[in-house]
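Asker: attaching a predicted model along with its sequence, questions to come.
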Amino acid sequence: MSLTAPVSTLSDADYRRIQAFLRKEAGITLGPAKKPLVMGRLGKRLRARDCGSYDAYLRLLDSEATERQQAVDLLTTNETYFFRETKHFAFLSEQIIPQRANQSVLRIWSAACSSGEEPYSIAMVLAERRGRGWEILASDLSTRMLASAAQGIYPMERAEKIPKAYLKRYCLRGVGRQEGSFSIVPELRKSVKFSQINLNHPLPAVGDFDVVFLRNALIYFDPPAKEAICLRLLAHLRPGGYFLVGHSESLNGVVDGLRLVQPAVYRRD
């Protein structure tokens, strides 16, 4: 099939199959309004894999694990930017880091890191305010996003939200073929460990953390999935540790054992 050949229309029945596929693989619920988005994101894969219909592509997903990962990567949303929701980074700088000044290692998990802006923002704050003695685990479901994050190269317009002092100290302006972009300095990039983790499945042995960032991700899950994901993450949050969600999200009524400290910031009892 030509890469420009038209793809057949996505029927309601096949869309329900795609909804079930993403719910099973990632725990994410696609509403009826997302059908055009699904067609836009999967159309190129149908052409690339010579599938003349969504039925044929769904049958391919049943047989190929690598294509299932490709589909999950395309269907999951990855909107993020540096220092998103700045009050969280102020809380990290002014409250969490001083509270743990005598702790040998401060461990933070960016649990839906997308293309890396969140963990690198965290790393800049830690490098500036703590110096040494910290670790960051940055995980995501999408292998495509993780590969991009590990490179640490971004278009220059993404630098808008980075404080000027941090931009000068922790970012390098691209030259030559990299002109128009910037990169995270190698020493900071190496301090972030990127790992593919599906929060909808049992978690690997990652140890315990002082802070978990799970921001702007829970809105894509139904209530049972939200509870299950939060319980898995809380099992790795130390007593007195902090759990941060997006400002449009709330953990009230989702899980017990957390106390609201400030908007979208919870502390484990």
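Answerer: Sure, I can see it. Residues are numbered from 1 along each chain as shown.
Asker: alpha carbons only for contacts and neighbour counts from here, please
Answerer: Will do.
Asker: enumerate the positions of stretch 50-69 that are buried.
Answerer: The neighbour-count check on stretch 50-69 (16 or more other Cα atoms under 10 Å) flags 50-51, 53-55, 57-58, 60-61, 67-69 as buried.
Asker: can you map out the strands along this protein?
Answerer: Taking DSSP state E, the strands of the chain run over residues 106-110, 134-140, 153-155, 171-173, 181-184, 192-196, 209-213, 237-244, 258-262, 265-268.
Asker: what's the angle between the longest one and strand 106-110?
Answerer: Relative orientation of strand 237-244 and strand 106-110, computed by axes from the mean of the first three to the mean of the last three Cα atoms, to 10 degrees: 50 degrees.
Asker: over to the second one?
Answerer: Put simply, strand 134-140 runs at 10 degrees to strand 106-110, going by the same axes, to 10 degrees.
Asker: list the helices and strands strand 134-140 packs on?
Answerer: Packing partners of strand 134-140 (3 or more Cα pairs under 8 Å, 6 or more residues apart in numbering; DSSP states H and E): strand 106-110, helix 117-129, strand 192-196.
Asker: apply 7 Å and report the result again.
Answerer: If contacts are counted by 3 or more Cα pairs under 7 Å, 6 or more residues apart in numbering; DSSP states H and E, strand 134-140 sits against strand 106-110, strand 192-196.
Asker: what's the spacing between the closest residue in space to Arg41 that isn't next to it in sequence and Ala147?
Answerer: Spatial nearest neighbour of Arg41, chain neighbours left out: Leu74 (6.0 Å); criterion: Cα to Cα, 6 or more residues apart in numbering. Distance, Leu74 to Ala147, using Cα to Cα, to the nearest Å: 14 Å.
Asker: how is this structure divided into domains?
Answerer: Domains of the chain are assigned by automatic domain parsing as 12-75, 86-268.
Asker: can those go into TSV with extra columns for mean pLDDT?
Answerer: Putting these into TSV (pLDDT from 0 to 100) gives the following:
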stretch	mean pLDDT
domain 12-75	88
domain 86-268	95
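Asker: contacting residues around Ala111?
Answerer: Ala111 is in contact with 138-140, 212-214, counting by Cα atoms under 7 Å, 6 or more residues apart in numbering.
Asker: near Ile136, how many other residues are there?
Answerer: Using other Cα atoms under 10 Å, Ile136 is surrounded by 22 other residues.
Asker: do I have it right that it meets Arg107?
Answerer: Yes - in this structure Ile136 lies within contact range of Arg107 using Cα atoms under 7 Å: 6.0 Å.
Asker: number of residues surrounding the closest residue to Phe82 other than its chain neighbours?
Answerer: In space, and not counting its chain neighbours, Phe82 is closest to Glu117: 4.8 Å by Cα to Cα, 6+ apart. Other residues near Glu117 come to 22 when the count uses other Cα under 10 Å.
Asker: got it, and Arg238?
Answerer: For Arg238, the neighbour count with other Cα under 10 Å is 18.
Asker: having no further points to raise, I will conclude here.
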